[in-house]
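K.L.:
I would like the atomic coordinates for the input below:
(one chain, ligands or ions: 1)
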Amino acid sequence: MSIVLEAKHINKYFKKPVLFHVLKDINFQIKKGEFASIMGKSGCGKSTLLYILSTMDTDYEGELFLNNQLITNQSRDHLSHIRNKHIGFVFQFHYLLPEFSVLENVMLPAKKLAEKSTLEIEHDAFEKLKMLNIEQLAKKKASRISGGEKQRVAIARALINNPTIIMGDEPTGNLDSYNSENVFKIFKKLSDDEGLSLLVVTHDEDFAKRTNRIITMEDGMIIT
Ligand SMILES: Nc1ncnc2c1ncn2[C@@H]1O[C@H](COP(=O)(O)OP(=O)(O)OP(=O)(O)O)[C@@H](O)[C@H]1O
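P.N.:
Just a heads-up that it's a prediction; the model follows:
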C-alpha cells in the first residue's frame, strides 16, 4: 500500500531555558488508509512531534515526506498551502467560530484554499455534514450546539478539502464516553471506507487499542 507520510531521522531541540533534546531520531511511515495512534506518558514529546508532522513547526532536523514529496525546508506560503490542502486537523478543543453557522465553519478551509466557487463549497460542506449525520445542524450557530456535535462539526471541517491525512491531538479528550465512541466510529469508517489515513495522539487506551497500530513514545523516542 502507498505511503502517505514519512518521517526520517527527525530530531528536535528546545534551546530554552536549557538545551533539551526533545525528539530523538524519529522514523516511521503512515500508509494510505491506515488509522494509527500515538501513545506515551505526559511530556514524552507527542504534541511536539504532531506539530512537526503537521508542518506547523519547521524548526527541526531530519526530513518529512507527504505523498512522497519532501516538505522539509519549504517556504512558509507553500507549507500553508500543503497544510490546508492535504492535512485535516482535529484538536481536543474544537476551535469553531461561535458566531458563524455550522455550515460556514465547515466551509472556511475551502474558502481559504480558493479553488472552488462559494456555491460548490457550500454543496461540499453540506455533503460532509450529511456524511457525519449532522446536516440538520447546518444553519445553527456553532455556539448553540453540544460539545459532541461541535467535535463532529470540527471533523467535517477537517474533511472539507478532502485531505490525505487527518491528524488529531487528543480529539476525544473533552468528550464523554458516548461521544468519544462516536468520534472513533467516524474515524474508523473514514479509514475503512474512504481510504483516509489518520494519526491520532491519545491518552485513551481503549481508543488506541482499536486503531490499526499504536506508536508508543518514551522520552522523545519511538519504542514500538
Ligand atoms: N516551547 C517549549 N520550550 C521548552 N520545552 C518545551 C516546549 N514545549 C514543550 N516542551 C517540553 O518538551 C517535552 C515534550 O512536550 P510535549 O508537549 O510534546 O509532550 P506530550 O507528550 O504531548 O505531553 P502531554 O501528553 O502532557 O500533552 C516536555 O518535557 C515539555 O515540557
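K.L.:
Which secondary structure state does the spatially most central residue of the chain sit in?
P.N.:
For the chain, Met167 is the residue whose C-alpha lies nearest the centre (Cα atoms, centre = their mean; 1.9 Å). Assigned with DSSP: H, G, I helix; E, B strand; the rest coil, Met167 falls in the strand class.
K.L.:
where does it land on pLDDT?
P.N.:
Predicted confidence (pLDDT) for Met167: 97.
K.L.:
That one contacts Gly88, doesn't it?
P.N.:
Yes. In this structure, Met167 is within contact of Gly88 by Cβ atoms under 8 Å, at 7.3 Å. No exception for glycine: its C-beta is placed from N, CA and C like everyone else's.
K.L.:
related to what we said a few turns ago, how near is the residue nearest to the centre of the chain to the ligand?
P.N.:
In this view, Met167 and the ligand are 13 Å apart by Cβ to the nearest ligand atom, to the nearest Å.
K.L.:
which residues does that residue contact?
P.N.:
By Cβ atoms under 8 Å, 6 or more residues apart in numbering, the contact list for Met167 reads Leu50, Leu53, Ser54, Ile87, Gly88, Phe89, Val90, Leu198, Leu199, Val200.
K.L.:
Which residues of the protein lie near the ligand?
P.N.:
Applying Cβ under 6 Å from any ligand atom, one finds that the chain approaches the ligand through Phe14, Phe20, Val22, Gly40, Ser42, Gly43, Cys44, Gly45, Lys46, Ser47, Thr48.
K.L.:
Tally up the residues packed near His78, please.
P.N.:
For His78, the tally of surrounding residues (other Cβ atoms under 10 Å) stands at 11.
K.L.:
Against Tyr13, how distant is Ala110?
P.N.:
36 Å (Cβ to Cβ, to the nearest Å).
K.L.:
quick one, which of those two is more surrounded?
P.N.:
Taking neighbours as other Cβ under 10 Å, Ala110 and Tyr13 compare with Ala110 leading, 22 against 13.
K.L.:
isn't that one right up against Lys116?
P.N.:
Yes. Judged on Cβ under 8 Å, Ala110 makes contact with Lys116 at a distance of 6.3 Å.
K.L.:
Overlap in contacts, those two.
P.N.:
Joint contacts of Ala110 and Lys116 (Cβ under 8 Å, 6+ apart) are Asp124.
K.L.:
Leaving out chain neighbours, which residue sits closest to Ser180?
P.N.:
Nearest non-adjacent residue to Ser180, counting by Cβ to Cβ, 6 or more residues apart in numbering: Thr172, 3.9 Å away.
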